[in-house]
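S.K.: Dropping a prediction and its sequence here:
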Amino acid sequence: MKKSIIISIILGLCLIFSTVSFLFLNPRATSATEAKTATKPGAVKLININTASAEDLTSLKGIGEKTA
């Protein structure tokens, strides 16, 4: 009984640690607002392809005017 409780606590802590480290250490896990306002070279810009304009779509690599 005590062994299973200890194992459950350890697994729970591992899950919490991995989630927190993923959110804070992953540079691509930024919010959409931060990505749109980023001005650094090589910054990630998120575009919703369902609501994007043709101008937004043509700014993507490999997407021309015809495809947009």
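M.R.: Received, thanks. A quick note: this is a predicted structure, and the numbers were derived from the prediction, not measured.
S.K.: For the helix or strand where S4 lies, which helices and strands make contact with it?
M.R.: Counting by DSSP states H and E, the element that carries S4 is helix 2-25. Here helix 2-25 touches no other helix or strand, going by 3 or more Cβ pairs under 8 Å, 6 or more residues apart in numbering; DSSP states H and E. Where you see a C-beta, it was placed from the backbone N, CA and C, and this is true even at glycine.
S.K.: Let me know the average pLDDT across that helix.
M.R.: Per-residue confidence for helix 2-25 averages out to 81 on the pLDDT scale.
S.K.: Just the CA atoms of it, as PDB, please.
M.R.: C-alpha atoms of helix 2-25 as PDB (Å, rounded to 0.1, in the frame of the first residue of the first chain):
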ATOM      1  CA  LYS A   2       2.700   2.500   1.000                       C
ATOM      2  CA  LYS A   3       4.800   1.500  -1.900                       C
ATOM      3  CA  SER A   4       2.000   2.200  -4.500                       C
ATOM      4  CA  ILE A   5       1.300   5.600  -2.900                       C
ATOM      5  CA  ILE A   6       5.000   6.500  -3.100                       C
ATOM      6  CA  ILE A   7       5.200   5.400  -6.700                       C
ATOM      7  CA  SER A   8       2.100   7.400  -7.600                       C
ATOM      8  CA  ILE A   9       3.500  10.500  -6.000                       C
ATOM      9  CA  ILE A  10       6.800  10.100  -7.900                       C
ATOM     10  CA  LEU A  11       5.000   9.600 -11.200                       C
ATOM     11  CA  GLY A  12       2.900  12.600 -10.500                       C
ATOM     12  CA  LEU A  13       5.900  14.800  -9.800                       C
ATOM     13  CA  CYS A  14       7.600  13.500 -13.000                       C
ATOM     14  CA  LEU A  15       4.500  14.500 -15.000                       C
ATOM     15  CA  ILE A  16       4.300  17.900 -13.500                       C
ATOM     16  CA  PHE A  17       8.000  18.500 -14.000                       C
ATOM     17  CA  SER A  18       8.000  17.400 -17.600                       C
ATOM     18  CA  THR A  19       4.900  19.600 -18.400                       C
ATOM     19  CA  VAL A  20       6.400  22.700 -16.700                       C
ATOM     20  CA  SER A  21       9.800  22.200 -18.300                       C
ATOM     21  CA  PHE A  22       8.200  21.800 -21.700                       C
ATOM     22  CA  LEU A  23       6.200  25.000 -21.400                       C
ATOM     23  CA  PHE A  24       9.100  27.100 -20.100                       C
ATOM     24  CA  LEU A  25      12.000  25.700 -22.100                       C
END
